[in-house]
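Novice: Predicted model, plus sequence, below.
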Amino acid sequence: MKISVVPKKIPVMSYPGLVLRSFLAGLLSGAVVSAFNFVAGKLSEVGAGIYSQVREEPLWLLLALPMAGALGLISYLLLRFDPDVSGSGIPNAEGALRGRRRLNRVRVALGTVLGGFITFFGGLSLGSEGPSVAIGAAIGYAVTDWTGSNERCDSVIATAGAGAGFAAAFHAPLAGALFALEELKKGFGASLTAAVTTAVLGGTLSYSLLSLAWGGAGFLAPAEVNVIPVKLSWTLGIVAAVAGAFAALFITALEKVHISVALRKVPVWARLVAVFMAAAVAAVLLPESFGGGMNLVKAGERALLKWDKLLILLVVELALTTFGFYSKATGGLLIPSLALGAVIGGLGREAFAFVGVTEEYSALFTIAIMAAFLGAAFGTPLCSAVLAIELTGANPSAIIYIAVSVFIAFIVAESLKRRPLYEFIMNNSTSVTGIG
C-alpha cells in the first residue's frame, strides 16, 4: 500500500488559519534567509580577501583564474540538478505564484542557498535579494504542504513567505510587504495584505533575534542626509530623468540578451566559467567592482569616489551585471541596480558641482537616484522609495526629494515603453538543460 508523506489538504481555510500559517512561513523564511545572507556575506569577505592578496602578487592570478573557472563549473552542475535555482529566482517564484509552473520546495530552497554561496564567494555582480525571495516562496509552499491548505491559499502563503524573505534580505519590513504586493501579486486584497504583513512581522522577528545573536547590524548603516537647497533641486530632477532613461535602456538590453538566438547557442557551462573568470579579473583590477555593489552605495554616500572612477565603475558594473544575468548564475538584479543608481547619482552630483552641488549632498543624490533607478527599471516606484528610506534612515525632510526623484524616473521609463523584466522572463524562459 502506498503511503503519502504529505498530509491531505484541508478543503477550506479559516481566516485565522491563513494568518497563522503565514506567520509560520514568515518566521521560517526570516530565519533561513537571515542565516543565508550572514554566511554569504562571510564568504564574500573571504573571496574579497583572496583577490586582495592576488592584487599584491599579480602572478597569483594564474592560479586564481582556474579556481574561478572551477566555481563556474560547480555552479553549472548545481543548475543541472535543478534549473529553477538559476538566475534571480524572482521570475521563477512569480511564475509559481501565478500558477504557471511548480517549484520543488526542498530542492529550490537548498539549491538556491548553495548557488548563492558560490556566487557571492566568486564576487559576481549579482544580489542576494532574488535568492532570498525564491527561498521565502519555497518555504511558504512547504508550510502549506505540511500544515494543510487549499489551492487558492497556497499561493497567498507562498507570496507572504517571499515577502518575508525580501524583508529579511534588506532588513526592510515595509519594503518587503510592498514588494510582495506591488511586484509579486500586483494587488492589495484584504486576505493577501493580511497574510503578507503577518509573514513580514514573523520574518522581522526572526532576523532581528538572529542579528542580535551574532552581533549583526542592519543591511546598510544609516547615512547623514543633507537636504539640497530648493533653488538647486532642479539638478536632482535632471539626474532622476537621466536615471529613468538609463533604466529603460538597461532593462531593454537585458531582455535582448535573454532572447538573443546567437547568445543562446553558447553552452551555459561556458557562460558560467567565463563570468566567474571575468569577475576575478575585475576584482583584481578594480576592487570596488567585487560583489553585488552595496559597497558602491556606501562609498557614494560618503563621496569617496570621483567622476573618473565612477564612470569606469558604471561601465564595468553594467557589463558584469548583464553578463551575470546572461550566465544564469544564482543571484538577483535588484542590489546591482541599486549600485548602478548610486553610481549615476554620484556622477550627477559631480556634474553639477559647478553650480554649488557640493560633496555634502552626495548622500541625498546617492539615495534618491538609486531609488529612482530601481523604481524605473522594475516598475516598483512605491517599494523602491520605501526601501531606500528604510535602508538609509533618510530624515523626513529628504523623503520628498526621494519620492519626487522616483516619480520622475518612473515616468521617463514608462514613456520609453519599458516592459516589466520579470514578466518578460516568465514568458520567454528557457531550460538550463536545454541549452547546456
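Specialist: In hand now; what should we look at?
Novice: For the rest of this, base every contact and every neighbour count on C-alpha atoms.
Specialist: Will do.
Novice: Show me what counts as buried in the host helix or strand of Leu201.
Specialist: Assigned by DSSP states H and E, Leu201 belongs to helix 190-213. Within helix 190-213, the residues scored as buried using 16 or more other Cα atoms under 10 Å are 192-208, 210-211.
Novice: What is the helix or strand harbouring Val239 packed up against?
Specialist: Using DSSP H and E, Val239 falls within helix 233-259. In terms of contacts (3 or more Cα pairs under 8 Å, 6 or more residues apart in numbering; DSSP states H and E), helix 233-259 is packed against helix 307-327, helix 334-351, helix 362-378, helix 396-415, helix 421-427.
Novice: Now it: buried residues?
Specialist: So helix 233-259, judged by 16+ other Cα under 10 Å, has buried residues 235-237, 239-252, 254-255, 257-259.
Novice: elements contacting the next helix or strand after it?
Specialist: Using DSSP H and E, the helix or strand that follows helix 233-259 in sequence is helix 261-264. Judged by 3+ Cα pairs under 8 Å, 6+ apart, helix 261-264 has no packing partners among the helices and strands.
Novice: Let me see the mean pLDDT of helix 261-264.
Specialist: Here helix 261-264 scores 86 as its mean pLDDT.
Novice: got it, and stretch 191-201?
Specialist: 89.
Novice: Contacts for it next, please.
Specialist: Contacts of stretch 191-201 from elsewhere in the structure, counted by Cα atoms under 8 Å, 6 or more residues apart in numbering, are 15, 18-19, 22-27, 156-157, 159-161, 163-164, 167, 173, 176-177, 180-181.
Novice: Give the ChimeraX command for selecting the buried subset of these.
Specialist: Here is the ChimeraX command that picks out the buried ones among the contacts of stretch 191-201, judged by 16+ other Cα under 10 Å:
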select :18,19,22,23,24,25,26,27,156,157,159,160,161,163,164,167,173,176,177,180,181
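Novice: What angle do helix 334-351 and the helix holding Val239 make with each other?
Specialist: 140 degrees (axes from the mean of the first three to the mean of the last three Cα atoms, to 10 degrees).
Novice: what distance separates helix 233-259 from the centre of its chain?
Specialist: The chain centroid and the centroid of helix 233-259 are separated by 17 Å, computed with Cα atoms, centre = their mean, to the nearest Å.
Novice: so it versus helix 362-378, what angle?
Specialist: Using the same axes, to 10 degrees: helix 233-259 against helix 362-378 is 40 degrees.
Novice: How is this protein divided into domains?
Specialist: Following automatic domain parsing, one finds the domains of the chain at 15-213, 230-427.
Novice: can you give me the end-to-end distance of the shortest one?
Specialist: The reference is to domain 230-427. With Cα to Cα, to the nearest Å applied, domain 230-427 spans 44 Å between its terminal residues.
Novice: Now do it: distance to the chain's middle.
Specialist: Domain 230-427 has its C-alpha centroid displaced from the chain centroid by 12 Å (Cα atoms, centre = their mean).
Novice: hang on, the earlier thing: from the contacts of stretch 191-201, which ones fall inside helices?
Specialist: Cross-referencing the contacts of stretch 191-201 against helices under DSSP state H gives 15, 18-19, 22-27, 156-157, 159-161, 163-164, 167, 173, 176-177.
Novice: that older thread, hey, which of the domains of the chain is tucked in deepest?
Specialist: domain 15-213 (a mean of 23; mean count of other Cα atoms under 10 Å).
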